[in-house]
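> how would this look folded up:
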Amino acid sequence: MLAKINETALLVGYFSYPEFNVCRVLRPKVERMVTAFDSIKFLYIDIHRYPQISGQFIVFAVPTIIVLRNGKELRRISRHISVGELKSFLDRIVQLQGEEDENSR
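From the prediction side, this is the model:
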């Protein structure tokens with residue numbers, strides 16, 4: 001799983017655990033929104049099943065969303081998560097990536 005995190009150009013990591021009601025309600029909303037972007041991957045990380053990964057990313061609260069680019073953290077949102085705010089951030093990242101791709105040609 002760690003290899004997938006480090007090798008994916010743009011990834012939204014959703015750290016939580018299934019028994020927590022807030023995480024269970026929020027996850028499908030975030031997953032639907034993220035998967036609408038062709039260039040961004042969604043990865044659910046159960047912190048109880050993968051404690052080494054949550055430890056590596058220093059996740060102490062759930063839910064925590066970490067936006068990563070090639071394994072490097074761009075943004076972290078914990079506990080009080082606005083799906084609209086996350087979408088705005090992802091829109092900007094995708095736009096910047098498109099500009100970078102055009103400039104590299």
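
> now the strands for the chain?
Assigned by DSSP state E, the strands in the chain fall at 10-16, 41-46, 64-69, 72-78.

> Buried deepest among the ones you listed, which one?
strand 10-16 (a mean of 22; mean count of other CB atoms under 10 Å). From N, CA and C alone the C-beta is placed, and that goes for glycine too.

> which strands and helices sit next to it?
helix 2-7, helix 21-35, strand 41-46, strand 64-69, helix 83-103 (3 or more CB pairs under 8 Å, 6 or more residues apart in numbering; DSSP states H and E).

> What sits closest to residue 4 if chain neighbours are left out?
Spatial nearest neighbour of residue 4, excluding adjacent residues (CB to CB, 6 or more residues apart in numbering): residue 43 at 6.8 Å.

> With mean pLDDT and distance to residue 14 added, can I get the helices and strands packed on strand 10-16 in TSV?
What follows is the helices and strands packed on strand 10-16, written out as TSV (pLDDT from 0 to 100; distance: least, CB to CB, whole Å):
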stretch	mean pLDDT	distance to residue 14
helix 2-7	82	12
helix 21-35	91	6
strand 41-46	95	5
strand 64-69	95	6
helix 83-103	85	10
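
> Would you mind finding the most buried of the ones you listed?
With a mean of 20, the top stretch among these by mean neighbour count (mean count of other CB under 10 Å) is strand 64-69.

> Tell me which residues are up against that strand.
With CB atoms under 8 Å, 6 or more residues apart in numbering as the test, strand 64-69 has contacts from 5, 8-16, 30, 57, 59, 73-79, 81, 86, 89-90, 93.

> Okay, now the sheet partners of that strand, with direction.
Using DSSP bridges, the strands paired with strand 64-69 are strand 10-16 (antiparallel), strand 72-78 (antiparallel).

> dump the residue contacts of residue 40.
10, 11, 12, 34, 90, 93, 94.

> which of these sit farthest apart?
Distance extremes for the contacts of residue 40: the farthest pair is 11 and 94 at 12.8 Å, using CB to CB.

> Is the residue positioned nearest the centre of the chain bridged to anything, and to what?
Nearest residue to the geometric centre of the chain (CA atoms, centre = their mean): residue 12, 1.8 Å. For residue 12, the beta-bridge assignment (DSSP bridges) gives partners residue 42, residue 67.
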